[in-house]
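J.: Next one to model:
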Amino acid sequence: MSKICIVEDDQAIRGELEALLRNSGYETESLTDFEHSLQLLSESAADLFLMDINIPYLNGEELLRKLRSTRETPVIMLTSRTSETDEVLAMSYGADDYITKPYNPTILLLRISAILKRASNAPAALSYRGLQVNPAKGSLSRNGDEIVLTKNEMIIFQLMLDNQGRIVTRDDLMTALWDNDEFVNDNALTVNISRLRAKLADFGCEDAIETRKKQGYILK
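T.: Coordinates of the predicted model:
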């Protein structure tokens, strides 16, 4: 049974959501101590957060932004705001969906089901030398510090990580980058690998990528 945490300061709305979710087979918990919201959500075992934007102390958008430095738990923002700017901002902070009030219960339940299904089918968490690897977000993180990789850098890194300790040829990398066997700019690959090396070095992994002359690269 999936657990959903409700982050809503309006007691009446919170009660409606609790009843709706429990009647639909979900386990629920509700946040009521908003002064310590970040700590409590960071420690929560919930599978999904339903989060209002207009909550005390940290508003929902700021709470989400801070929460995303440590957790990837799916978040649906619930709000009475209808501005497109608010929606874009919420999504840029890492929200998985955005629903305006008054919400349609059936649509809300469908959105929750879809997000939980997607999360359950997501690949297992990846790690490298104590770094958390998030291919979907294109980032490497540790203890709240994060470095964002470009799309090509993440493709290169993930292929090397999948073959860690084995030689990955330049042809393998170029095929992965462009998803075909056509000729591509060799210099562009060299530049991407150099930038990836520099970013890994920023996290203390200076010797991460070893070059094997005329063979390829090894992620150590």
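
J.: Please enumerate the strands of the chain.
T.: 3-7, 27-31, 48-52, 75-79, 97-100, 126-128, 131-134, 139-142, 145-148, 209-212, 216-219 (DSSP state E).

J.: To residue 110, which of these lies closest?
T.: strand 97-100 (10.5 Å; C-beta to C-beta). The way it works is simple: take the backbone N, C-alpha and C, and place the C-beta from them, glycine included.

J.: Helices of the protein, residue ranges please.
T.: 11-23, 37-43, 60-67, 84-92, 105-120, 151-162, 170-178, 186-202 (DSSP state H).

J.: Distance to residue 213 added to those helices, as TSV?
T.: Converted to TSV, the helices of the chain look like this (distance: least, C-beta to C-beta, whole Å):
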stretch	distance to residue 213
helix 11-23	59
helix 37-43	46
helix 60-67	45
helix 84-92	43
helix 105-120	43
helix 151-162	17
helix 170-178	11
helix 186-202	13
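
J.: So which residue is dead centre in this structure?
T.: Residue closest to the mean C-alpha point of the chain, counted by C-alpha atoms, centre = their mean, is residue 72 at 4.8 Å.

J.: thought that residue was touching residue 139?
T.: No - counting by C-beta atoms under 8 Å, residue 72 does not reach residue 139; the two are 10.3 Å apart.

J.: Now the residue nearest to the centre of the chain, what are its backbone angles?
T.: phi -110, psi 20 (degrees, to the nearest 10).

J.: follow-up on the earlier one: save the strands of the chain as CSV, and put in mean neighbour count, mean pLDDT and distance to residue 60 too.
T.: Below are these laid out as CSV (neighbours: other C-beta atoms under 10 Å; pLDDT from 0 to 100; distance: least, C-beta to C-beta, whole Å):
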stretch, mean neighbour count, mean pLDDT, distance to residue 60
strand 3-7, 21, 96, 7
strand 27-31, 17, 96, 11
strand 48-52, 24, 94, 5
strand 75-79, 23, 88, 6
strand 97-100, 17, 86, 11
strand 126-128, 15, 86, 29
strand 131-134, 18, 88, 22
strand 139-142, 19, 88, 22
strand 145-148, 14, 87, 21
strand 209-212, 13, 95, 40
strand 216-219, 20, 95, 39
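
J.: how about the ones you listed in JSON lines, adding distance to residue 17?
T.: Formatted as JSON lines, these follow (distance: least, C-beta to C-beta, whole Å):
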{"stretch": "strand 3-7", "distance to residue 17": "5"}
{"stretch": "strand 27-31", "distance to residue 17": "8"}
{"stretch": "strand 48-52", "distance to residue 17": "6"}
{"stretch": "strand 75-79", "distance to residue 17": "8"}
{"stretch": "strand 97-100", "distance to residue 17": "11"}
{"stretch": "strand 126-128", "distance to residue 17": "33"}
{"stretch": "strand 131-134", "distance to residue 17": "29"}
{"stretch": "strand 139-142", "distance to residue 17": "31"}
{"stretch": "strand 145-148", "distance to residue 17": "31"}
{"stretch": "strand 209-212", "distance to residue 17": "48"}
{"stretch": "strand 216-219", "distance to residue 17": "45"}
